[in-house]
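Participant: Any chance you can model this:
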Amino acid sequence: MKTSNPIDVMRMALEREKNAVRDYSEFAKTAKEPSIREMFEYLAEEERKHVKLLEDEIDREVNQEM
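Facilitator: Below you'll find the predicted structure:
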């Protein structure tokens, strides 16, 4: 999907970040080694931060358009 609409691009990025949170969280649950589990938990938390940033930015952009 090719788009030049910034909000659409941010929404696509948001979905990817949400998928990464889901995947890393699942990997953390199934990891047998504590260090591997901690790494995936850390990565999931970093992706949650990205989700929040993107959601906030999308909200700002949408509200500016109104």
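
Participant: Where does pLDDT dip in this protein?
Facilitator: Residue ranges of the chain with pLDDT under 70: 1-3, 65-66.

Participant: Determine which residue lies closest to the centroid of it.
Facilitator: Residue closest to the average C-alpha location in the chain (Cα atoms, centre = their mean): Glu17, at 2.2 Å.

Participant: measure Asp23 to Tyr42 for me?
Facilitator: 14 Å (Cβ to Cβ, to the nearest Å). The way it works is simple: take the backbone N, C-alpha and C, and place the C-beta from them, glycine included.

Participant: if we can go back for a sec, right, and the residue nearest to the centre of the chain touches Lys52 too?
Facilitator: No - using Cβ atoms under 8 Å, Glu17 is not in contact with Lys52; the gap is 9.3 Å.

Participant: max-length helix in this structure?
Facilitator: helix 34-65 (DSSP state H).
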